[in-house]
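Visitor: take this sequence and fold it.
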Amino acid sequence: MDHYYDTADDLSAAQLGPRASLVQFSSAFCAPCRATRAILADVAAVVPGVSFIEVDAEAHLDLVRRLKVSRTPTVLIVDSNGRVVNRAVGQPRKSDVLAALAPAMG
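Guide: Numbering: from 1, shown residues only. Here you go, the predicted structure:
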């Protein structure tokens, strides 16, 4: 697991949640991306201070390379300082997302 890529320059601070953000890298023909989007949006809706940001991987290849995203969906958990504190590849379970958020929320 890679930690602490600086994303503050890559994602608008206005988009980052005050406590944490769920950042999903998706592509147009990725079936698991649709299910992942629903799970992450649901978590962001029920956990105060958490935002959900979806990034089109094909349209942001520079960011994909900098953050070493190799597959979609890739989910990054970003803390309020803009640091990646956790990442997962593939469709996550809601319970896993909630558990992975804990370190970012301090």
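
Visitor: give me the below-cutoff pLDDT ranges for the protein.
Guide: Applying pLDDT under 70 to the chain flags the ranges 1-14, 106.

Visitor: try it again at 80.
Guide: Low-confidence segments of the chain (pLDDT under 80): 1-15, 106.

Visitor: show me where it has strands.
Guide: Using DSSP state E, the strands of the chain run over 20-26, 50-56, 74-79, 84-89.

Visitor: of the ones you listed, which is nearest Asp62?
Guide: Nearest of the strands of the chain to Asp62, taken as CB to CB: strand 50-56 at 11.2 Å. C-beta here means a position set from N, CA and C on the backbone, and glycine is covered the same way.

Visitor: buried stuff in that closest one?
Guide: Residues Val50, Ser51, Phe52, Ile53, Glu54, Val55 are the ones in strand 50-56 that count as buried (16 or more other CB atoms under 10 Å).
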